[in-house]
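Q: have a look at this fold, sequence not included:
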Ligand SMILES: NC(=O)C1=CN([C@@H]2O[C@H](COP(=O)(O)OP(=O)(O)OC[C@H]3O[C@@H](n4cnc5c(N)ncnc54)[C@H](OP(=O)(O)O)[C@@H]3O)[C@@H](O)[C@H]2O)C=CC1
Ligand SMILES: O=C1CO[C@H](CO)[C@@H](O)[C@@H]1O
């Protein structure tokens, strides 16, 4: 029996991942899709098994067979679309990250949050990757309280997008917002604390320098370091490199405290793993107490059906499963508008720090 009917806003790459994962949940069905390019909306509707294509954004919002909305449009459109959604019947929304892209929009997010009466979940699913979820669960007991956290992402360059919107900071918020809001969200979660100071060095060293769009060369950064001081004295670091797809693992997270260290290793999207290298690596969690010393390696495999439904280690499924419950009135939103806004604020501060060559106080 159908319990939650979804409307999809934006029908590009990530919409496909959402639709495939919604299809794995019993009682969840996509009933309508919208994209300014009708052909993309039609493809998404077909992927969803016969959803209807809405002729306009307003037409989608006016439908009475849509119980929940999923925003999967380009970054710079999210806050404006949330405001438009608020003019219709308030229903649960899952909004892709980043919640906003420009410091001037922070007040709009607050005003929206104050007035919208249905649950809004910001899609930052790295928390739900099984190895990262294990690290989050075990970090405090293994470390005795995390004092240092390092997140390293060594990955492929930004993929081509519909209309090439992701080639320019004005549309994405900048790489440390677009890409790294996920990692700032993780930092807040692991530390159970709020950041007070951010220092970054970042730039565009290798990727997209020979591309031109309407006479403009992309201005998006492809590497950087960010150091974050937290209020209670712990510190975190992010290392991002987007010309490192030759790596075995894409993300490596390590948390260390007085009693020991816990790490996790997360492979990149399985569809990019070269066949000639054999099976793709299995995610791992490594636990290294100080006393007695010695590393324990734990494999954290992901169900292959869930893994194949997306590029993010199964996380989109686990997030949707919980969002589905929220739509039914069970369970609370885990990634709130406040979480989404704080992760963007950290990213914007990191962009500013790298641009101006100084530490930014939050
Ligand atoms: N959480 C995660 O791990 C990931 C999240 N994302 C996020 O998902 C979102 C979409 O990214 P992605 O799917 O990769 O990008 P794509 O470019 O593949 O898809 C975006 C789609 O939105 C459409 N669009 C443009 N304008 C509007 C509009 N006004 N209303 C509705 N749709 C519109 C585009 O169509 P057209 O331009 O033809 O009009 C395009 O089809 C972004 O916010 C991105 O940051 C992406 C990857 C991973
Ligand atoms: O948020 C994101 C997570 O992963 C994607 C790749 O699959 C990124 O490109 C995107 O920006």
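A: Sure, I can see it. The model shown is predicted, which means the values in this text are computed figures rather than measured ones. Ligands and ions are numbered 1, 2, ... in the order given.
Q: spell out which residues of the stretch 151-300 of the chain are next to ligand 1.
A: Applying C-beta under 6 Å from any ligand atom, we find that the stretch 151-300 of the chain lies next to ligand 1 at 161, 162, 163, 178. C-beta: built from backbone N, CA, C; applies to glycine.
Q: helix/strand/coil for residue 255?
A: Following DSSP: H, G, I helix; E, B strand; the rest coil, residue 255 is assigned to strand.
Q: output the residues of the stretch 151-300 of the chain next to ligand 1 as CSV; include the columns neighbour count and secondary structure.
A: Listed next are those as CSV, based on neighbours: other C-beta atoms under 10 Å; DSSP: H, G, I helix; E, B strand; the rest coil:
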residue, neighbour count, secondary structure
161, 15, coil
162, 16, helix
163, 13, helix
178, 24, helix
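Q: nearest to ligand 2, of these?
A: residue 178 (5.5 Å; C-beta to the nearest ligand atom).
Q: tell me who's in contact with the residue in the chain positioned nearest to ligand 2.
A: Ranking the residues of the chain by distance to ligand 2 (C-beta to the nearest ligand atom) places residue 311 first, at 4.2 Å. For residue 311, the contacting residues are 17, 268, 269, 270, 271, by C-beta atoms under 8 Å, 6 or more residues apart in numbering.
Q: redo that, cut-off 6 Å
A: residue 269 (C-beta atoms under 6 Å, 6 or more residues apart in numbering).
Q: again with the one 4 residues further on
A: The neighbourhood of residue 315, defined by C-beta under 6 Å, 6+ apart, consists of 125, 128, 129.
Q: who's in contact with the last one?
A: It stands for residue 129. Per C-beta under 6 Å, 6+ apart, neighbours of residue 129: 266, 313, 315.
Q: now do it against residue 299, distance only.
A: Relative to residue 299, residue 129 is positioned 14 Å away (C-beta to C-beta, to the nearest Å).
Q: JSON lines for the contacts of residue 315, including secondary structure, pLDDT and distance to ligand 2?
A: Converted to JSON lines, the contacts of residue 315 look like this (DSSP: H, G, I helix; E, B strand; the rest coil; pLDDT from 0 to 100; distance: C-beta to the nearest ligand atom, whole Å):
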{"residue": "125", "secondary structure": "helix", "pLDDT": "89", "distance to ligand 2": "8"}
{"residue": "128", "secondary structure": "helix", "pLDDT": "97", "distance to ligand 2": "13"}
{"residue": "129", "secondary structure": "coil", "pLDDT": "97", "distance to ligand 2": "11"}
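Q: the residue nearest to residue 30 when sequence neighbours are not counted: neighbour count?
A: Leaving aside its sequence neighbours, residue 30 sits nearest to residue 48 (C-beta to C-beta, 6 or more residues apart in numbering; 3.7 Å). Residues within reach of residue 48, counting by other C-beta atoms under 10 Å, total 24.
Q: right, and residue 48 touches residue 32 too?
A: No. Contact criterion C-beta atoms under 6 Å: residue 48 and residue 32 do not qualify, at 9.0 Å.
Q: circling back to that earlier point, take the contacts of residue 129 and keep only those in strands.
A: Among the contacts of residue 129, the residues falling in strands (DSSP state E) are residue 266.
Q: closest to residue 96 among the contacts of residue 129?
A: residue 315 (13.0 Å; C-beta to C-beta).
Q: could you report the separation of that closest one from residue 252?
A: Distance of residue 315 to residue 252, given as C-beta to C-beta: 17 Å.
Q: one more: residue 287?
A: From residue 287 to residue 252 the distance is 15 Å (C-beta to C-beta).
Q: can you give me the strands for the stretch 251-362 of the chain?
A: In the stretch 251-362 of the chain, the segments counted as strands under DSSP state E, counting those that start in this stretch are 251-257, 260-266, 284-289, 296-299, 360-361.
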